[in-house]
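Engineer: Sequence plus predicted model, see below.
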Amino acid sequence: MLHSSVQIQPLSRRGVRLRRLFRQAVAHAVLGGGGFLMMVPFFWLLSSSLKAPHEIYVIPPQFIPNPVRWQNYLEVLVDQPFLRFTRNTLIATVPATVGQVLTASLAAYSFARLRFPGRDLVFGVLLTTIMLPYAVTLIPVYVMFKELGWIGTFLPLIVPYWFGGGAFNIFLLRQFFLTIPNELEDAALIDGAGYLTIYARIITPLSVPALTVVAIFSFLHHWNDFLAPLLYLNHYENWTLSIGIAMLKGALSGGRDTTHLMMAMSTLMILPIIALYFAAQRAFIQGIVLTGLKG
């Protein structure tokens, strides 16, 4: 009887190990298959950017170009104003992102760490603005910027984001700030530090992951934004990349099929986004995981 019980134990452990390996294999297969399906549009974009226009519409599609047309990228970089569009996009994106991260973190700090009458009520009203569609305020905001004389400049794409930073970003940062122990703030107050000093020297260094998440989301929004630049940038010299890609089908096409050039410019446009994500990947994932652990 003792001998049989000793024989059963290793078998049970082996069975548990095999079941664990099977579950891991299934999970990796499902995630790998899903990841591959999500990458198919990107592969098609990259493939189309290296083809002639008539080869893009071939059925069934050919993912490997033959021959490879590197001259598509050369034409985008030399014959098309890609560098000017990139400069304009950076002019609108970088200041807006900085302002959004700074003001959203300040607002979130006040809602998370300061105590003042009506704080929760104001925060609740702020959250309701998330449900307000952009189209509802589009006309009055446009009229306001027109009266200010900002139409045709980058100011409508930059200045509004220095006033609050957006309800979603404030909510995201507030939830992260709530996870920081109050004892750190109390110790700083005892030592004579003010609230801005606490924000700059304690809260901000401890919140790099959450700030990275907000910065990446903000950068993506402004880098890819199409509607706002289309409304406010009415001069060709101020066009951003998103408008430039769309106009390759019209004003910049010269009456020819420019789909291959649109694909090449789109590929170049997403390269900074990919580089930004891989550079901040660890902090981004950490910020997503840790945000909201404490309500």
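Structural biologist: Thanks, I have the structure now.
Engineer: can you tell me the average pLDDT over the longest helix along the chain?
Structural biologist: Secondary structure of the chain read by DSSP state H shows that its longest helix is helix 2-48. Across helix 2-48, the average pLDDT comes to 78.
Engineer: Make 28 the starting number, not 1.
Structural biologist: With 28 as the first residue, the last one maps to helix 29-75.
Engineer: Which elements pack onto it?
Structural biologist: helix 286-306 (3 or more CB pairs under 8 Å, 6 or more residues apart in numbering; DSSP states H and E). Where you see a C-beta, it was placed from the backbone N, CA and C, and this is true even at glycine.
Engineer: elements contacting the helix it packs on?
Structural biologist: Right, helix 286-306 is packed against helix 29-75, helix 80-83, helix 98-105, helix 235-251, helix 268-274 by 3+ CB pairs under 8 Å, 6+ apart.
Engineer: would JSON lines of these with mean neighbour count be doable?
Structural biologist: JSON lines is the format used below for the helices and strands packed on helix 286-306 (neighbours: other CB atoms under 10 Å):
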{"stretch": "helix 29-75", "mean neighbour count": "10"}
{"stretch": "helix 80-83", "mean neighbour count": "15"}
{"stretch": "helix 98-105", "mean neighbour count": "17"}
{"stretch": "helix 235-251", "mean neighbour count": "21"}
{"stretch": "helix 268-274", "mean neighbour count": "22"}
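Engineer: which stretches of the stretch 178-322 of the chain aren't confidently modelled?
Structural biologist: 277-282, 311, 313-322 (pLDDT under 70).
Engineer: let's see 50
Structural biologist: The stretch 178-322 of the chain contains residues with pLDDT under 50 at 319-322.
Engineer: do you know how far the residue positioned nearest the centre of the chain is from residue 49?
Structural biologist: The centroid of the chain falls nearest to residue 244 when counting by CA atoms, centre = their mean (3.0 Å). Look at residue 244 and residue 49: by CB to CB, to the nearest Å, they are 37 Å apart.
Engineer: wait, isn't the residue nearest to the centre of the chain in contact with residue 193?
Structural biologist: No: the pair formed by residue 244 and residue 193 falls short of the contact definition of CB atoms under 8 Å, at 9.0 Å.
Engineer: Now do the contacts for the residue nearest to the centre of the chain.
Structural biologist: residue 196 (CB atoms under 8 Å, 6 or more residues apart in numbering).
Engineer: Over to the one 4 residues further on?
Structural biologist: With contacts defined as CB under 8 Å, 6+ apart, residue 248 is in contact with no residue.
Engineer: Go again with 10 Å.
Structural biologist: With contact set as CB atoms under 10 Å, 6 or more residues apart in numbering, residue 248 has these partners: 120, 123, 124, 127, 188, 193, 196, 255.
Engineer: could I get those residues as a markdown table with secondary structure, neighbour count and distance to residue 276?
Structural biologist: What follows is these, written out as a markdown table (DSSP: H, G, I helix; E, B strand; the rest coil; neighbours: other CB atoms under 10 Å; distance: CB to CB, whole Å):
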| residue | secondary structure | neighbour count | distance to residue 276 |
| --- | --- | --- | --- |
| 120 | helix | 24 | 23 |
| 123 | helix | 25 | 27 |
| 124 | helix | 23 | 28 |
| 127 | helix | 26 | 31 |
| 188 | helix | 23 | 29 |
| 193 | coil | 21 | 31 |
| 196 | helix | 26 | 33 |
| 255 | helix | 21 | 20 |
